[in-house]
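Peer 1: What would the 3D arrangement of this be:
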Amino acid sequence: MTDGRPREPEDGLPPAVHAFEKTAERFDERFGDWLSVAAQRRLVRECLVRAFQPGARLLELGAGTAEDALYLLSRGYDVALTDGSPSMVARATKKLSEAGYGSGTRPEQLVLERMAEYAAEHSRQGRPPFDGAYSNFAAFNCVEDRADVALHLAKVLRPGAPCILVVFGPCSPGEVLVELVKGRPAAAFRRFRRGPAPARLGGEHFDVWYPSPRTVAREFAPWFRLVRTRGIGIFLPPSAAEPRISAFPRIVRAMEAADRVVSRPLALLGDHVLLHFERTAADAQPAGD
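Peer 2: Here you go, the predicted structure:
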């Protein structure tokens, strides 16, 4: 990676998935104790519980090490956990087993770019459609062709099913401020790029896209209808502010409380934006078929 551009890894995984594959063993150690990340996760979970009916069968995309799945499982939801990284899946499997969910919940590897294969297998096995789906913390920002994922995701969801996507916001003042303070102007304004923006994790390079909620809604139509948006991390700082911000738990709590007040009117200024979609009755077939 001497030129700083993403290249197809030897393991055959997309560059973004490969980056998380390389950091899976240290992922919880790096992000698990950060208070800003935990606060944003709490805000997302409140929305998930409100969106899904008790006991619903849910599909999680980009599940990482199963933090959100464990939360929902403990509240009686039936979660089918998936992630593109084999090492993340292994970590999630271990954590679920240790928590007592090993026998009934088996995480699967699913690269979002191969959603068509998952949908075809789901149909071949005669599985019932899911009652809802969700993806936290920007997995969909690492995919260029989101419309193709939406088409095949629609095939495994029942009409009316909620689909919650948490993506990067198109304009995060908090990130701009933090990155400028760190002397990284390119990172401060990367969300304003029209095309892919370069990213790096664990020494691995990959591309990230920052579409607006309107763009994602257009890509997900006609199979999904955008019901509402909510900002996640408007006052709460982005992870770039860590680990320093975790030294001030009272400030983080105050920021979290402020986020709850302005999450809807200032949604587009969040570090993340939660997009609440609903599966329509539209037939999940490619355009022109």
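Peer 1: Check residue 30 and give its pLDDT.
Peer 2: Predicted confidence (pLDDT) for residue 30: 75.
Peer 1: which residues touch it?
Peer 2: Contact analysis of residue 30 by CB atoms under 8 Å, 6 or more residues apart in numbering lists residue 23. For glycine as for every other residue, the C-beta is placed from the backbone atoms N, C-alpha and C.
Peer 1: Wait, a strand at it?
Peer 2: No - with DSSP: H, G, I helix; E, B strand; the rest coil as the criterion, residue 30 is helix rather than part of a strand.
Peer 1: Next one: it from residue 202, what distance?
Peer 2: From residue 30 across to residue 202, the span is 9 Å (CB to CB, to the nearest Å).
Peer 1: what sits in contact with each of these two?
Peer 2: Counting by CB under 8 Å, 6+ apart, the residues touching both residue 30 and residue 202 are residue 23.
Peer 1: which secondary element of this structure has the worst mean pLDDT?
Peer 2: Lowest on mean pLDDT, DSSP states H and E among the helices and strands of the chain sits helix 15-31, with a mean of 89.
Peer 1: Tell me how far that helix lies from the chain's centre.
Peer 2: Computed by CA atoms, centre = their mean, to the nearest Å, the chain-centroid distance of helix 15-31 equals 14 Å.
Peer 1: Please shift the residue numbers so they start at 893 in all later answers.
Peer 2: I'll keep to 893 as the first residue from here, and by that count the last item is helix 907-923.
Peer 1: Mind listing what's buried along that helix?
Peer 2: 907-916, 919, 923 (16 or more other CB atoms under 10 Å).
Peer 1: who does the helix or strand that that helix is followed by touch, helix- and strand-wise?
Peer 2: Using DSSP states H and E, the next helix or strand after helix 907-923 towards the C-terminus is helix 927-943. Applying 3 or more CB pairs under 8 Å, 6 or more residues apart in numbering; DSSP states H and E, one finds that helix 927-943 contacts helix 959-965, strand 1024-1027, strand 1054-1060, strand 1116-1124, helix 1141-1154, strand 1164-1171.
Peer 1: neighbouring contacts of helix 927-943?
Peer 2: With contacts defined as CB under 8 Å, 6+ apart, helix 927-943 is touched by 923, 959-960, 963-964, 967, 1024, 1026, 1028-1029, 1054, 1056, 1058, 1122, 1124-1125, 1128-1131, 1133-1134, 1137-1138, 1141, 1144-1145, 1147-1148, 1151-1152, 1155, 1163-1164, 1166, 1168.
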